[in-house]
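Colleague: I need the structure of the sequence given here:
(one chain, ligands or ions: 1)
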Amino acid sequence: MKYEGMIYRPPSEANSLILQVTVGCSYNRCTFCHSFRDKEFRVKSFEEIREDIDEAAQTGNIPRVFLADGDALIIPQPDLIRILDYLKLKIRGLERVGIYANAVDVLKKDVEELKQLRDRGLGIVYLGLESGNPEVLKRIKKNATVGQMIRAAKRVKDAGMLLSVTVLLGIGGVEMSREHAADTGRVLSEMDPDFVGALSLMIVPGTPIDEELRSGKLVLPTPFGLIRELETMIAHCNFTKCFFASNHASNYLPLRIQMPGEKEQALALIRRVLERKDPVLLRPEYMRAL
Ligand code: SF4
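Modeller: Numbers count the residues shown, from 1 in each chain. Got it, this is the predicted structure:
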(Lines give C-alpha, C1' and ligand atoms only; values in the text may rest on other atoms or scores of the structure.)
Protein backbone atom coordinates (compact mmCIF):
# COMPACT_ATOMS: atom_id res chain seq x y z
CA MET A 1 0.00 0.00 0.00
CA LYS A 2 1.35 3.42 -0.89
CA TYR A 3 0.54 5.85 1.89
CA GLU A 4 1.41 9.54 1.72
CA GLY A 5 2.25 11.09 5.11
CA MET A 6 0.72 10.14 8.45
CA ILE A 7 -2.49 8.15 8.24
CA TYR A 8 -5.35 8.69 10.71
CA ARG A 9 -8.34 6.44 11.29
CA PRO A 10 -11.05 6.13 13.94
CA PRO A 11 -10.10 3.85 16.87
CA SER A 12 -12.88 1.45 15.90
CA GLU A 13 -11.26 0.93 12.48
CA ALA A 14 -8.06 -0.44 14.06
CA ASN A 15 -8.45 -3.78 12.29
CA SER A 16 -9.58 -2.37 8.96
CA LEU A 17 -7.59 -2.08 5.79
CA ILE A 18 -6.85 1.63 5.43
CA LEU A 19 -7.20 2.63 1.80
CA GLN A 20 -5.94 6.17 1.17
CA VAL A 21 -8.19 7.60 -1.53
CA THR A 22 -7.54 11.28 -0.82
CA VAL A 23 -4.46 12.96 0.59
CA GLY A 24 -5.11 15.44 3.42
CA CYS A 25 -8.26 17.40 4.19
CA SER A 26 -9.87 19.68 1.62
CA TYR A 27 -10.77 22.18 4.36
CA ASN A 28 -7.77 21.92 6.72
CA ARG A 29 -8.57 25.03 8.77
CA CYS A 30 -10.04 23.84 12.09
CA THR A 31 -7.92 25.62 14.70
CA PHE A 32 -7.27 22.55 16.87
CA CYS A 33 -6.49 20.06 14.09
CA HIS A 34 -2.93 19.16 13.24
CA SER A 35 -3.64 15.98 11.32
CA PHE A 36 -3.18 17.13 7.73
CA ARG A 37 -1.48 20.51 8.03
CA ASP A 38 1.55 19.35 6.10
CA LYS A 39 -0.45 17.79 3.26
CA GLU A 40 -1.70 19.50 0.15
CA PHE A 41 -5.15 18.14 -0.56
CA ARG A 42 -5.72 15.97 -3.60
CA VAL A 43 -7.93 13.11 -4.67
CA LYS A 44 -5.82 10.13 -5.71
CA SER A 45 -6.23 8.91 -9.25
CA PHE A 46 -8.25 5.74 -9.81
CA GLU A 47 -5.08 4.06 -11.13
CA GLU A 48 -3.26 4.70 -7.81
CA ILE A 49 -6.24 3.42 -5.84
CA ARG A 50 -6.67 0.38 -8.08
CA GLU A 51 -3.03 -0.62 -7.52
CA ASP A 52 -3.54 -0.52 -3.75
CA ILE A 53 -6.77 -2.53 -3.96
CA ASP A 54 -5.09 -5.11 -6.22
CA GLU A 55 -2.24 -5.44 -3.71
CA ALA A 56 -4.63 -5.80 -0.75
CA ALA A 57 -6.70 -8.36 -2.65
CA GLN A 58 -3.74 -10.78 -2.52
CA THR A 59 -3.83 -10.96 1.28
CA GLY A 60 -7.04 -12.94 1.80
CA ASN A 61 -10.32 -11.95 3.46
CA ILE A 62 -10.68 -8.29 4.45
CA PRO A 63 -14.02 -7.69 6.23
CA ARG A 64 -13.53 -3.96 6.76
CA VAL A 65 -12.02 -1.14 4.75
CA PHE A 66 -11.64 2.48 5.85
CA LEU A 67 -11.29 5.21 3.23
CA ALA A 68 -8.74 7.84 4.29
CA ASP A 69 -7.76 10.73 4.60
CA GLY A 70 -9.71 13.51 6.30
CA ASP A 71 -12.93 13.96 4.32
CA ALA A 72 -12.95 11.36 1.58
CA LEU A 73 -16.70 11.76 1.04
CA ILE A 74 -15.77 14.88 -0.96
CA ILE A 75 -14.85 12.58 -3.87
CA PRO A 76 -17.35 13.12 -6.71
CA GLN A 77 -20.15 10.56 -6.71
CA PRO A 78 -19.20 8.64 -9.91
CA ASP A 79 -15.59 8.29 -8.72
CA LEU A 80 -16.62 7.10 -5.27
CA ILE A 81 -19.00 4.59 -6.83
CA ARG A 82 -16.18 3.35 -9.06
CA ILE A 83 -13.91 2.84 -6.01
CA LEU A 84 -16.62 1.04 -4.02
CA ASP A 85 -17.53 -1.18 -6.98
CA TYR A 86 -13.89 -2.12 -7.49
CA LEU A 87 -13.49 -2.90 -3.78
CA LYS A 88 -16.56 -5.14 -3.92
CA LEU A 89 -15.23 -6.89 -7.00
CA LYS A 90 -11.71 -7.53 -5.69
CA ILE A 91 -11.82 -7.80 -1.89
CA ARG A 92 -12.96 -11.14 -0.54
CA GLY A 93 -15.18 -11.12 2.56
CA LEU A 94 -15.78 -7.37 2.48
CA GLU A 95 -18.60 -6.51 4.87
CA ARG A 96 -18.29 -2.78 5.48
CA VAL A 97 -16.55 0.33 4.23
CA GLY A 98 -16.14 3.38 6.49
CA ILE A 99 -15.30 6.99 5.73
CA TYR A 100 -14.61 10.35 7.41
CA ALA A 101 -16.91 13.11 6.24
CA ASN A 102 -17.73 16.65 7.19
CA ALA A 103 -21.29 17.92 7.28
CA VAL A 104 -20.93 20.11 4.19
CA ASP A 105 -19.79 17.15 2.07
CA VAL A 106 -22.65 14.98 3.35
CA LEU A 107 -25.14 17.70 2.44
CA LYS A 108 -23.78 17.94 -1.10
CA LYS A 109 -25.28 14.49 -1.64
CA ASP A 110 -28.99 13.76 -1.42
CA VAL A 111 -30.41 10.70 0.35
CA GLU A 112 -30.66 8.76 -2.91
CA GLU A 113 -26.97 9.36 -3.65
CA LEU A 114 -26.00 8.27 -0.15
CA LYS A 115 -28.16 5.16 -0.58
CA GLN A 116 -26.25 4.37 -3.80
CA LEU A 117 -23.05 4.41 -1.73
CA ARG A 118 -24.62 2.34 1.05
CA ASP A 119 -25.78 -0.26 -1.48
CA ARG A 120 -22.15 -0.55 -2.59
CA GLY A 121 -20.90 -1.22 0.93
CA LEU A 122 -20.38 2.21 2.51
CA GLY A 123 -21.81 1.32 5.90
CA ILE A 124 -20.54 3.90 8.36
CA VAL A 125 -19.83 7.63 8.29
CA TYR A 126 -17.61 9.30 10.92
CA LEU A 127 -18.50 12.94 11.46
CA GLY A 128 -16.67 15.47 13.66
CA LEU A 129 -19.17 17.64 15.54
CA GLU A 130 -16.61 18.75 18.18
CA SER A 131 -19.13 21.08 19.85
CA GLY A 132 -22.85 21.71 19.74
CA ASN A 133 -22.36 25.35 20.74
CA PRO A 134 -22.57 27.77 17.77
CA GLU A 135 -20.07 30.24 19.28
CA VAL A 136 -17.50 27.49 19.92
CA LEU A 137 -17.92 26.15 16.38
CA LYS A 138 -17.23 29.65 15.07
CA ARG A 139 -14.18 30.10 17.31
CA ILE A 140 -12.59 26.82 16.21
CA LYS A 141 -13.39 27.62 12.56
CA LYS A 142 -15.33 24.43 12.00
CA ASN A 143 -16.76 24.67 8.52
CA ALA A 144 -20.33 23.79 9.46
CA THR A 145 -23.10 25.20 11.61
CA VAL A 146 -25.06 23.30 14.24
CA GLY A 147 -28.01 23.15 11.82
CA GLN A 148 -25.85 21.65 9.07
CA MET A 149 -24.46 19.07 11.50
CA ILE A 150 -27.97 17.98 12.49
CA ARG A 151 -29.18 17.85 8.87
CA ALA A 152 -26.13 15.87 7.80
CA ALA A 153 -26.67 13.36 10.61
CA LYS A 154 -30.30 12.89 9.61
CA ARG A 155 -29.34 12.39 5.96
CA VAL A 156 -26.77 9.71 6.80
CA LYS A 157 -29.31 7.88 8.92
CA ASP A 158 -32.09 8.26 6.35
CA ALA A 159 -29.74 6.59 3.88
CA GLY A 160 -29.49 3.60 6.23
CA MET A 161 -25.85 4.06 7.22
CA LEU A 162 -24.38 3.93 10.69
CA LEU A 163 -23.33 7.30 12.11
CA SER A 164 -20.44 7.87 14.48
CA VAL A 165 -19.91 11.37 15.88
CA THR A 166 -16.84 12.79 17.60
CA VAL A 167 -16.93 15.55 20.22
CA LEU A 168 -14.10 17.33 21.99
CA LEU A 169 -14.07 17.94 25.74
CA GLY A 170 -12.32 21.20 26.61
CA ILE A 171 -12.66 22.80 23.17
CA GLY A 172 -14.68 25.74 24.57
CA GLY A 173 -12.03 26.49 27.19
CA VAL A 174 -12.96 27.45 30.74
CA GLU A 175 -15.04 30.37 29.49
CA MET A 176 -17.49 28.29 27.45
CA SER A 177 -17.12 25.03 29.35
CA ARG A 178 -20.66 24.64 30.65
CA GLU A 179 -22.42 25.91 27.49
CA HIS A 180 -20.21 23.73 25.30
CA ALA A 181 -20.98 20.59 27.29
CA ALA A 182 -24.73 21.18 27.62
CA ASP A 183 -25.24 22.26 23.99
CA THR A 184 -23.15 19.36 22.74
CA GLY A 185 -25.33 16.91 24.69
CA ARG A 186 -28.45 18.53 23.25
CA VAL A 187 -27.18 18.55 19.64
CA LEU A 188 -25.95 14.97 19.92
CA SER A 189 -29.45 14.01 21.04
CA GLU A 190 -30.90 15.64 17.91
CA MET A 191 -28.35 13.87 15.74
CA ASP A 192 -29.16 10.61 17.55
CA PRO A 193 -26.05 8.74 16.27
CA ASP A 194 -25.23 5.08 16.69
CA PHE A 195 -21.85 5.87 18.25
CA VAL A 196 -20.34 8.86 20.03
CA GLY A 197 -16.63 9.22 20.69
CA ALA A 198 -15.74 11.88 23.27
CA LEU A 199 -12.09 12.91 23.10
CA SER A 200 -10.28 15.50 25.23
CA LEU A 201 -8.58 18.43 23.58
CA MET A 202 -4.81 18.01 23.48
CA ILE A 203 -2.90 20.99 22.18
CA VAL A 204 -0.49 20.33 19.35
CA PRO A 205 2.31 22.91 19.02
CA GLY A 206 2.04 25.06 15.92
CA THR A 207 -1.76 24.90 15.59
CA PRO A 208 -3.81 28.12 15.80
CA ILE A 209 -5.35 26.95 19.07
CA ASP A 210 -1.84 26.64 20.51
CA GLU A 211 -1.38 30.35 19.74
CA GLU A 212 -4.63 31.15 21.53
CA LEU A 213 -3.43 29.24 24.56
CA ARG A 214 -0.07 30.98 24.62
CA SER A 215 -1.65 34.41 24.28
CA GLY A 216 -4.06 33.69 27.14
CA LYS A 217 -7.11 33.95 24.85
CA LEU A 218 -7.95 30.35 25.68
CA VAL A 219 -7.69 28.79 29.13
CA LEU A 220 -8.01 25.02 29.31
CA PRO A 221 -10.23 23.35 31.90
CA THR A 222 -8.46 21.26 34.53
CA PRO A 223 -8.69 17.44 34.30
CA PHE A 224 -11.66 17.49 36.71
CA GLY A 225 -13.11 20.37 34.68
CA LEU A 226 -13.07 18.06 31.65
CA ILE A 227 -14.79 15.35 33.66
CA ARG A 228 -17.42 17.88 34.74
CA GLU A 229 -17.98 18.57 31.01
CA LEU A 230 -18.38 14.84 30.40
CA GLU A 231 -20.96 14.69 33.17
CA THR A 232 -22.91 17.69 31.83
CA MET A 233 -22.76 16.37 28.27
CA ILE A 234 -24.02 12.91 29.19
CA ALA A 235 -26.75 14.39 31.40
CA HIS A 236 -28.04 16.28 28.32
CA CYS A 237 -27.86 13.26 26.00
CA ASN A 238 -31.04 11.41 25.14
CA PHE A 239 -30.55 8.74 22.52
CA THR A 240 -32.68 6.07 20.94
CA LYS A 241 -29.76 3.64 21.03
CA CYS A 242 -26.14 4.73 21.16
CA PHE A 243 -22.77 3.46 22.29
CA PHE A 244 -21.05 6.42 23.96
CA ALA A 245 -17.31 6.00 24.54
CA SER A 246 -14.81 8.20 26.31
CA ASN A 247 -12.12 5.54 26.21
CA HIS A 248 -9.88 7.37 23.73
CA ALA A 249 -6.31 7.75 24.98
CA SER A 250 -6.73 11.52 25.35
CA ASN A 251 -9.31 11.16 28.14
CA TYR A 252 -8.77 11.16 31.89
CA LEU A 253 -11.80 8.97 32.61
CA PRO A 254 -12.33 6.14 30.11
CA LEU A 255 -15.94 4.96 29.94
CA ARG A 256 -17.98 2.80 27.60
CA ILE A 257 -21.69 3.41 27.99
CA GLN A 258 -24.66 1.78 26.27
CA MET A 259 -27.31 4.47 26.11
CA PRO A 260 -29.96 4.90 27.23
CA GLY A 261 -29.72 1.83 29.50
CA GLU A 262 -26.47 2.64 31.32
CA LYS A 263 -26.77 6.42 31.38
CA GLU A 264 -27.75 6.88 35.05
CA GLN A 265 -25.17 4.35 36.21
CA ALA A 266 -22.45 6.20 34.26
CA LEU A 267 -23.55 9.57 35.64
CA ALA A 268 -23.45 8.21 39.19
CA LEU A 269 -19.89 6.96 38.63
CA ILE A 270 -18.74 10.28 37.15
CA ARG A 271 -20.31 12.18 40.05
CA ARG A 272 -18.49 9.98 42.58
CA VAL A 273 -15.20 10.78 40.82
CA LEU A 274 -16.05 14.50 40.88
CA GLU A 275 -16.88 14.33 44.60
CA ARG A 276 -13.65 12.59 45.53
CA LYS A 277 -11.46 14.65 43.19
CA ASP A 278 -8.67 12.14 43.71
CA PRO A 279 -6.13 12.25 40.83
CA VAL A 280 -5.43 8.56 41.35
CA LEU A 281 -8.84 7.86 39.76
CA LEU A 282 -7.71 9.45 36.50
CA ARG A 283 -5.61 8.17 33.61
CA PRO A 284 -2.08 9.43 34.37
CA GLU A 285 -0.90 12.36 32.25
CA TYR A 286 1.98 10.38 30.74
CA MET A 287 -0.49 7.81 29.37
CA ARG A 288 -2.58 10.37 27.53
CA ALA A 289 -2.11 10.60 23.79
CA LEU A 290 -3.82 11.65 20.62
S1 SF4 B 1 -12.43 19.04 8.80
FE2 SF4 B 1 -11.57 17.41 10.13
S3 SF4 B 1 -9.63 16.83 9.19
FE4 SF4 B 1 -10.23 18.80 8.27
S5 SF4 B 1 -9.18 20.34 9.52
FE6 SF4 B 1 -11.21 20.06 10.41
S7 SF4 B 1 -10.96 18.49 12.01
FE8 SF4 B 1 -9.13 18.42 10.69
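Colleague: Please count neighbours and contacts with C-alpha atoms only from this point.
Modeller: Will do.
Colleague: Next, the single nearest residue of the stretch 151-290 of the chain relative to the ligand: secondary structure please.
Modeller: In the stretch 151-290 of the chain, the residue found nearest to the ligand is residue 166; the distance is 9.9 Å by Cα to the nearest ligand atom. Following DSSP: H, G, I helix; E, B strand; the rest coil, residue 166 is assigned to strand.
Colleague: same thing with residue 67?
Modeller: Look at residue 67: counting by three-state DSSP, its state is strand.
Colleague: okay, now the residue of the stretch 151-290 of the chain closest to the ligand: neighbour count?
Modeller: Counted by other Cα atoms under 10 Å, the residues lying close to residue 166 total 19.
Colleague: Verify the stated contact: it with residue 125.
Modeller: No: between residue 166 and residue 125 there is no contact under Cα atoms under 8 Å: 11.1 Å.
Colleague: circling back to that earlier point, just grab the bridge partners of the residue of the stretch 151-290 of the chain closest to the ligand for me.
Modeller: Beta bridges link residue 166 to residue 128, residue 197, judged by DSSP bridges.
Colleague: residue contacts, it?
Modeller: Residues in contact with residue 166 (Cα atoms under 8 Å, 6 or more residues apart in numbering) are 126, 127, 128, 129, 130, 196, 197, 198, 199.
Colleague: The third one against residue 163, yeah?
Modeller: No: taking contact to mean Cα under 8 Å, the distance of 10.7 Å between residue 128 and residue 163 leaves them out of contact.
Colleague: of those two, who's got more company?
Modeller: Ranked by neighbour count (other Cα under 10 Å), residue 128 and residue 163 place residue 163 first, with 24 against 18.
Colleague: The more buried one looks like it's in a strand, true?
Modeller: Yes: per three-state DSSP, residue 163 lies within a strand segment.
Colleague: Stretch 195-204 and the ligand in contact?
Modeller: No: under the criterion of Cα under 6 Å from any ligand atom, stretch 195-204 makes no contact with the ligand; the nearest approach is 11.8 Å.
Colleague: number of nearby residues for residue 250?
Modeller: By other Cα under 10 Å, 21 other residues sit near residue 250.
Colleague: Need the pLDDT of the residue in the chain that the ligand sits nearest to.
Modeller: Residue of the chain nearest the ligand, by Cα to the nearest ligand atom: residue 28 (3.5 Å). pLDDT recorded at residue 28 is 94.
Colleague: Also residue 277?
Modeller: 93.
Colleague: With residue 218 as the reference, measure out to it.
Modeller: 24 Å (Cα to Cα, to the nearest Å).
Colleague: okay, the two: which has more neighbours?
Modeller: Set side by side, residue 277 and residue 218 show more neighbours around residue 218, with 18 against 13, by other Cα under 10 Å.
Colleague: which residues in the stretch 51-200 of the chain form helices?
Modeller: 77-90, 103-107, 111-119, 134-139, 146-158, 177-191 (DSSP state H, counting those that start in this stretch).
Colleague: what's the model's confidence in the fifth one, averaged?
Modeller: This points to helix 146-158. Computed over helix 146-158, the mean pLDDT rounds to 98.
Colleague: Which residue is the nearest non-sequential neighbour of residue 70?
Modeller: Excluding the flanking residues, the one nearest residue 70 by Cα to Cα, 6 or more residues apart in numbering is residue 25, at 4.7 Å.
Colleague: Which pLDDT value goes with the one you found?
Modeller: Residue 25 is assigned 95 on the pLDDT scale.
Colleague: With residue 39 instead?
Modeller: The model reports residue 39 with a pLDDT of 91.
Colleague: can you pull the contacts of residue 118?
Modeller: For residue 118, the contacting residues are 159, 160, 161, by Cα under 8 Å, 6+ apart.
Colleague: Neighbour-wise, which one of those leads?
Modeller: residue 161 (22 neighbours).
Colleague: now that one: how far from residue 154?
Modeller: From residue 161 over to residue 154 the distance is 10 Å, taken as Cα to Cα.
Colleague: Could you do residue 3 as well?
Modeller: 33 Å.
Colleague: Same drill for these two, tell me which one is more crowded.
Modeller: Between residue 3 and residue 154, residue 154 has the larger neighbour count (other Cα under 10 Å), namely 18 against 13.
Colleague: for the more buried one, what are its contacts?
Modeller: Shown in contact with residue 154 (Cα under 8 Å, 6+ apart): residue 191.
Colleague: make it 10 Å
Modeller: Contacts for residue 154 (Cα atoms under 10 Å, 6 or more residues apart in numbering) come out as 111, 148, 160, 163, 190, 191, 192, 193.
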